[in-house]
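>>> A predicted structure for the sequence below; I have some questions about it.
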Amino acid sequence: MPGSESGDRVILFADKNFLGLGQFLAEGFYDSSDLSIGNDVICSVKVPSGLVVRLYEHWHFQGGHLDVDQDAPDLGGWARTASSAVVYKTSDPPPEIRKIVLYEGPQMAGAARVVGPYNFPFEETRPQVPLGSALIPDGMVLRVYPEVVFSPPLDFTDYFSDIMNLGPQGAENYSWKAYKQPGGDP
């Protein structure tokens, strides 16, 4: 793709210095399945004036993120890390992600379930699967109760960021709620 003009699109490259396989991205959201360049392969990025590409560590726009608002011939520690991306205008606020990804096992292992973005607050009093880890974006909360049916007097633990090992949470011994942190827009 060297020599290609991006105009109003970002270009992702699989190698440093804008070399290798590339993919154009217009404004929008691109999950791992939308990145034809591949998962965990982006090493450099061309960004036209007026745009920002936010690269996310995990699928469904989860984990850490890196905002790039100018050409970056080498993403350094972020090279071969991104699994999803959002392209937006510099004049717009950064994207707000309202999805929480729940995994059966620790360390994002096992079956995954995406909760959100439009069904918050969401709760489950009789989960059908164990809960071992969760990816929780900024501004969201996962509240885990130690019993199947929760009520206000019960103990609970709030998680405000990714948690890689929730301990043994069998489907028969927990319940949960997912919601936006108080004080944010609905």
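Nice, I can see it.
>>> is the residue nearest the centre of the chain bridged to anything, and to what?
Nearest to the mean C-alpha position of the chain, by C-alpha atoms, centre = their mean, lies residue 62 at 1.6 Å. Under the criterion DSSP bridges, residue 62 forms beta bridges with residue 58.
>>> in this structure it contacts residue 162, no?
Yes: at 7.3 Å, residue 62 counts as touching residue 162 under the criterion of C-beta atoms under 8 Å. From N, CA and C alone the C-beta is placed, and that goes for glycine too.
>>> just to revisit the earlier point, list the contacts for the residue nearest to the centre of the chain?
The contact partners of residue 62, taken as C-beta atoms under 8 Å, 6 or more residues apart in numbering, are 56, 84, 97, 99, 101, 135-137, 162.
>>> at 10 Å what do you get?
Contacts here follow C-beta atoms under 10 Å, 6 or more residues apart in numbering; on that basis residue 62 touches 56, 83-84, 97, 99-101, 108, 114, 134-137, 162.
>>> please name the nearest non-neighbouring residue to residue 170.
Using C-beta to C-beta, 6 or more residues apart in numbering and skipping the chain neighbours, the partner closest in space to residue 170 is residue 130 (5.3 Å).
>>> what's the helix or strand for the one you found?
Using DSSP states H and E, residue 130 sits within no helix or strand.
>>> can you give me the neighbour number for it?
When counting by other C-beta atoms under 10 Å, one arrives at 19 neighbours for residue 130.
>>> what of residue 174?
Using other C-beta under 10 Å, residue 174 is surrounded by 22 other residues.
>>> how much space between it and residue 145?
Counting by C-beta to C-beta, to the nearest Å, the gap from residue 174 to residue 145 is 6 Å.
>>> in this protein, which spans are helices?
With DSSP state H, there are no helices along the chain.
>>> where in it is pLDDT low?
Flagging of the chain using pLDDT under 70 yields the residue ranges 1-6, 116-128, 149-154, 168-169, 171-172, 183-186.
>>> now, the contacts of residue 62 that are in strands?
Using DSSP state E, the members of these that fall within strands are 56, 84, 100-101, 114, 134-135.
>>> what's the ChimeraX line that selects buried ones from those?
Listed next is the ChimeraX selection for buried residues among these, using 16 or more other C-beta atoms under 10 Å:
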select :56,84,100,101,134,135
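>>> reformat the ones in strands among the contacts of residue 62 as TSV; add distance to residue 16.
Putting the ones in strands among the contacts of residue 62 into TSV (distance: C-beta to C-beta, whole Å) gives the following:
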residue	distance to residue 16
56	20
84	21
100	34
101	30
114	32
134	33
135	28
